[in-house]
Structures are given as structure tokens and as C-alpha cells.
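**Q** here are the coordinates; sequence isn't available:
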């Protein structure tokens, strides 16, 4: 499964386009975010991607979970969103 990493400076529309593209190609994607700002951008991107895919009959669902991410040699807890069609 492809992993998209989102930061607080990521543009939600761009991330949504990437999510929609991966969903069309492979059927599922994991979106990772560390921090409140990044989680906010990631969730907005999933909502926007639903709008991009809905006219084609694809209804997205999102399953949240925690994940451990290594950043600069330091373990951080992040959120991962498994996004797939219903």
C-alpha cells in the first residue's frame, strides 16, 4: 500500500489529488501525519478526495489508527488514515 506523508504546510487540494490518483490506480492508500496541523491537513484532504471521486461512483471510507514514525532519529507517534473505497 502506498504511503502519503502530510505536513502542516501541505496543500489539502494537492494531497486530495494524490489520494484520488492512488485510489484509482491501486484501490487504497495510507496517509500519515505527525502533529495537529498535519492531521488537520490530512483529514481535509480525505474529505476533498471524497468529492473528487464521488461523481465516478466511488465512496471513500477512512479508518484512523496510531503509528510510530522515526523523524531525525527520534520516534514520534502519528496518525495514519487508511483510505479505501466502501
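**A** The structure has been received and is ready for your questions. It should be emphasised that the depicted structure is a prediction, and the values quoted were computed from it without experimental measurement. Numbering: from 1, shown residues only.
**Q** Just say helix, strand or coil for residue 69.
**A** Secondary structure, DSSP: H, G, I helix; E, B strand; the rest coil: residue 69 is strand.
**Q** check contacts around it.
**A** Residue 69 is in contact with 32, 34, 75, 76, 77, 78, counting by C-beta atoms under 8 Å, 6 or more residues apart in numbering. The way it works is simple: take the backbone N, C-alpha and C, and place the C-beta from them, glycine included.
**Q** Going through those, which ones are buried?
**A** 32, 34, 78 (16 or more other C-beta atoms under 10 Å).
**Q** so which helix or strand takes in the first one?
**A** The secondary structure element spanning residue 32 is strand 29-33 (assigned by DSSP states H and E).
**Q** neighbouring contacts of stretch 44-55?
**A** So stretch 44-55 is contacted by 6, 10, 12-13, 15-17, 19-20, 23-24, 31, 59-60, 62, 81, 83, 85 (C-beta under 8 Å, 6+ apart).
**Q** quick one: the residue nearest the centre of the chain from residue 24, how far?
**A** With distances taken as C-alpha atoms, centre = their mean, residue 31 lies nearest the centre of the chain, 3.0 Å away. Remark: distance between residue 31 and residue 24 (C-beta to C-beta, to the nearest Å) = 16 Å.
**Q** Same question for residue 80.
**A** 21 Å.
**Q** out of the two, which sits in the busier spot?
**A** residue 80 (18 against 12; other C-beta atoms under 10 Å).
**Q** What ranges does this structure have for its helices?
**A** According to DSSP state H, the chain carries its helices in the segments 12-26, 36-53.
**Q** before we move on, back to that, what's the closest of the contacts of residue 69 to residue 66?
**A** residue 77 (5.8 Å; C-beta to C-beta).
**Q** Show the pLDDT at the closest one.
**A** As predicted, residue 77 sits at a pLDDT of 94.
**Q** now residue 1
**A** So, for residue 1, pLDDT stands at 85.
**Q** again, but for residue 41
**A** 97.
**Q** what residues are up against it?
**A** 6, 7, 8, 9, 10, 11, 12, 15, 33.
**Q** again, 10 Å this time
**A** Residue 41 is in contact with 6, 7, 8, 9, 10, 11, 12, 14, 15, 31, 33, 35, counting by C-beta atoms under 10 Å, 6 or more residues apart in numbering.
**Q** All set now, cheers.
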